[in-house]
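[1] 3D model of this:
(chains A and B)
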There are 2 protein chains.
Amino acid sequence: MDLYSDEYFMKEALKEAQKALDKDEVPIGAVIVSNNQIIARAHNLTETLNDVTAHAEMQAITAAANYLGGKYLTDCTLYVTLEPCVMCIGASAWAQLTKVVFGAPDLKKGYTRYNLKMTHPKTEIVSGVLKNDCSRLIQDFFKNKR
Amino acid sequence: MDLYSDEYFMKEALKEAQKALDKDEVPIGAVIVSNNQIIARAHNLTETLNDVTAHAEMQAITAAANYLGGKYLTDCTLYVTLEPCVMCIGASAWAQLTKVVFGAPDLKKGYTRYNLKMTHPKTEIVSGVLKNDCSRLIQDFFKNKR
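    Residues are numbered from 1 along each chain as shown, chains lettered A, B, ... in the order given. Model prediction:
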């Protein structure tokens, strides 16, 4: 795997998803990268924090803006293991992210079900990176819940 | 104005919007009501916090869940002075709010431009409550910026 490839950074997002799993959270992880450097890491904490807004992406966006000292993430890429929901794609648009890369599709709650134009016009979208690894983690989680 | 009417609680959201204005933030305010009691108040803090996710609604949803000790707001109404954006309507859907009441329409960034089905199926939507007061506050803000 090439250093600084989309697969490389998605692996890092998967490490975050694993941290969510360890807390019995739906295993979704995210990292934000600027100039090939990871400036934010986060994982889903909706149960731990009792907060529906505590998705991995939301926390990563807040953390990255905090790191950069400015609210716009115009030179940043968000890597997230699952297709963002409407809330998170909305946040990515406000943040003006350069690129959003996601792993597995979310056929129930993913934003692409609703309207593809909710992203910022300058944001490039890449999907399906390490899709199987990202899906498997979530599928196994729900299988174990039943 | 009747006590516990939509207008009554929108007035309270307008007070929050005024607090945002006092901080030179885009003047948008929100309150969340459960059993006719205000359990959360918030106003837009995107500039102050350098965080695109710090919309009035997002903060109000997090605060209400914190107050109730559970992440679902199934017996709550959100009042917000401006039509929610995609991010905020997505959060309202996750929170399963009973009702969302907004004041002024947002023709540029409002979620109704994209897809009306992004709300939770059980969430009732009411729009246009104290619309003129809510609009005027925002219009005056941008007029003074020019």
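
[2] count of residues packed around the residue lying closest to A:K23 once chain neighbours are set aside?
    Excluding the flanking residues, the one nearest A:K23 by C-beta to C-beta, 6 or more residues apart in numbering or on different chains is A:T48, at 5.8 Å. In short, each C-beta sits where N, CA and C put it, glycine included. By other C-beta atoms under 10 Å in any protein chain shown, 13 other residues sit near A:T48.

[3] same question, the one 4 residues further on
    A:V52 has 23 neighbouring residues, counting by other C-beta under 10 Å.

[4] a helix runs through it, doesn't it?
    No. According to DSSP: H, G, I helix; E, B strand; the rest coil, A:V52 belongs to no helix; its state is coil.

[5] just checking, it touches B:N66?
    No. Look at A:V52 against B:N66 with C-beta atoms under 8 Å: they stay out of range, at 11.6 Å.

[6] re earlier: gap between the residue nearest to A:K23 and A:M58?
    Per C-beta to C-beta, to the nearest Å, A:T48 is found 14 Å from A:M58.

[7] equivalent analysis for A:L107, please.
    Where A:M58 is concerned, A:L107 sits at a distance of 21 Å (C-beta to C-beta).

[8] tell me what the host helix or strand of A:I38 is packed against?
    Assigned by DSSP states H and E, A:I38 belongs to strand A:37-43. Packing partners of strand A:37-43 (3 or more C-beta pairs under 8 Å, 6 or more residues apart in numbering or on different chains; DSSP states H and E): helix A:6-22, strand A:29-34, helix A:56-68.

[9] name the residues that touch the last one?
    Contacts of helix A:56-68 from elsewhere in the structure, counted by C-beta atoms under 8 Å, 6 or more residues apart in numbering or on different chains, are A:13, A:16-17, A:20, A:28-32, A:34, A:39-45, A:71-73, A:76, A:78, A:80-81, A:84, A:87-88, A:91-92, A:95, A:97, B:50-53.

[10] what's the answer for the shortest one, then?
    Contacts made with strand A:29-34 from outside it, assessed by C-beta under 8 Å, 6+ apart, are listed as A:9, A:12-20, A:38-44, A:56-57, A:59-61, A:63-64, A:68, A:73, A:75-81, A:97.

[11] up against chain B, what does chain A have?
    Residues of chain A found near chain B (C-beta under 8 Å from any C-beta of the partner chain) are A:46-47, A:50-53, A:58, A:61-62, A:65-66, A:69-72, A:85-91, A:93-95, A:114-115, A:117-118.

[12] doesn't A:T81 lie inside a helix?
    No. Judged by three-state DSSP, A:T81 forms no part of a helix; its state is strand.

[13] so how far is A:T74 from the residue most central in space within chain A?
    Among the residues of chain A, the one closest to the centroid is A:V80, at 2.4 Å (C-alpha atoms, centre = their mean). For A:V80, the distance to A:T74 (C-beta to C-beta) stands at 18 Å.

[14] swap in A:A20?
    28 Å.

[15] more neighbours, these two?
    Using other C-beta under 10 Å, the more surrounded residue of A:A20 and A:T74 is A:A20, with 25 against 14.

[16] sorry, back to before: my read: the residue nearest to A:K23 touches A:E25, true?
    Yes. If you go by C-beta under 8 Å, A:T48 and A:E25 touch, sitting 6.5 Å apart.

[17] skipping adjacent residues, who's closest to A:C88 in space?
    Using C-beta to C-beta, 6+ apart, the closest residue to A:C88 is A:E57 (4.0 Å).

[18] now A:D75: phi and psi?
    Main-chain dihedrals, A:D75, degrees, to the nearest 10: phi -120, psi 40.

[19] ok, and what's touching stretch A:133-146?
    With C-beta under 8 Å, 6+ apart, stretch A:133-146 has contacts from A:10, A:14, A:17-18, A:21, A:26-28, A:81-82, A:102-104.

[20] quick one: buried residues of it?
    By 16 or more other C-beta atoms under 10 Å in any protein chain shown, the buried positions in stretch A:133-146 come out as A:133-135, A:137-138, A:141.

[21] before we move on, what about stretch A:116-134?
    Going by 16+ other C-beta under 10 Å, stretch A:116-134 has these buried residues: A:118-120, A:123, A:125, A:129-130, A:133-134.

[22] skip the chain neighbours and tell me the closest residue to A:H55.
    Using C-beta to C-beta, 6+ apart and skipping the chain neighbours, the partner closest in space to A:H55 is A:C88 (5.4 Å).

[23] got phi/psi on that neighbour?
    phi -70, psi -40.

[24] related to what we said a few turns ago, mind checking pLDDT for the residue nearest to A:C88?
    At A:E57, the predicted lDDT confidence score is 98.
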